[in-house]
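In: Build me a model from this:
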Amino acid sequence: MGTIYLGTIASLGTGLATAVGALPILFTANLDQKWQGILLGLGGGVMLAATAFSLIIPGKEAAVDLGYSQANSALVVSMGVLIGASLLWLMHNYFPHEHFNQGKEGIITENFQRIWLFVIAITIHNFPEGLAVGVGFGDGNISHGLPLALGIGLQNMPEGLIVALALRELNYSIKYALGISLLTGLVEPIGGVIGASIVNFGQSFLPWGMAIAAGSMLFVIVDEIIPEIDRESIAQEGTLGIMTGFVAMMFLDIAFG
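Out: Okay, the predicted model is just below:
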């Protein structure tokens, strides 16, 4: 049960970082669009590096340690990435949700209030992060999961701020915006429990769990974050953010992993 405990606590911490990041709305009601581009890119860069250095490479190494050949290890990780991406694709297409800038997606009925469509969209975004953190502690080694948890927590802070600011622009109160930021962050420990529980059944699930988590996060990066920052006014700033986030996460993984 130690791996489940570690994964749950770590993913809870990363989830709470979303609410912490939203706190600046107590002092400001808006943020320059260029800064939003940098912050979005920063989160995408962290997730991209975490996908490669904290999930795909360790997943391949875990498969090799289990006795798989290099070729079979590559096959396991590749299949896991595709499975994870497919699961997120299904969620995006069948869960009703709405992005702040991309509009509505999924099967939407008139019974859904607009705010809950936003909440579901952010939940779909955050769940893979919690899953990844939980899986990251799958072997019970804190040094393996810690860089991933730190990186996801850091990228959740600007994400929480952007969410809160967007809600304020829709005329929701400060209290409500902070509450929604906290609520959406708390989905991460749910993903953390699921991820840690899967690999807790046996180390044979570890490479699959890491690869599925990687595929889920990769889908979020390509389907949500890159299109969001690839707008004319923030494309350059988004690129700067991605590079900075990628290098920061790479440093954490190499230094502490």
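In: Please make it C-alpha for all contacts and neighbour counts, starting now.
Out: OK.
In: show me where pLDDT drops low in the protein?
Out: Scanning the chain for pLDDT under 70 picks out the ranges 1, 29, 95-119, 139-141, 231-234, 257.
In: Where do the helices of it begin and end?
Out: 2-22, 33-49, 57-65, 70-94, 114-136, 142-169, 174-185, 187-200, 206-220, 226-229, 235-256 (DSSP state H).
In: Which residues does the third one contact?
Out: With contact meaning Cα atoms under 8 Å, 6 or more residues apart in numbering, helix 57-65 is reached by 70, 73, 74, 76, 77, 204, 206, 207, 208, 210, 211.
In: For the first one, which non-adjacent residue is closest in space?
Out: Meaning residue 70. residue 64 (6.6 Å; Cα to Cα, 6 or more residues apart in numbering).
In: Roughly how far does the one you found sit from residue 206?
Out: 11 Å (Cα to Cα, to the nearest Å).
In: These two: which is more packed in?
Out: Between residue 64 and residue 206, counting by other Cα atoms under 10 Å, residue 206 is the more crowded of the two (28 against 17).
In: what sits against the residue nearest the centre of the chain?
Out: For the chain, the residue sitting closest to the mean C-alpha position, by Cα atoms, centre = their mean, is residue 129 at 3.2 Å. The contact partners of residue 129, by Cα under 8 Å, 6+ apart, come to 152, 188, 191, 213, 217.
In: Equivalent analysis for residue 145, please.
Out: For residue 145, the contacting residues are 54, 133, 136, 137, 257, by Cα under 8 Å, 6+ apart.
In: Residue 170 - how many residues pack around it?
Out: For residue 170, the neighbour count with other Cα under 10 Å is 12.
In: neighbours of residue 144, just the number please.
Out: The local packing of residue 144 (other Cα under 10 Å) involves 19 other residues.
In: what about it, distance to residue 133?
Out: From residue 144 across to residue 133, the span is 10 Å (Cα to Cα).
In: And the residue lying closest to residue 24 once chain neighbours are set aside, how close does it get to residue 170?
Out: Nearest in space to residue 24, with sequence neighbours left out and distances taken as Cα to Cα, 6+ apart, is residue 161 at 7.1 Å. Distance, residue 161 to residue 170, by Cα to Cα: 14 Å.
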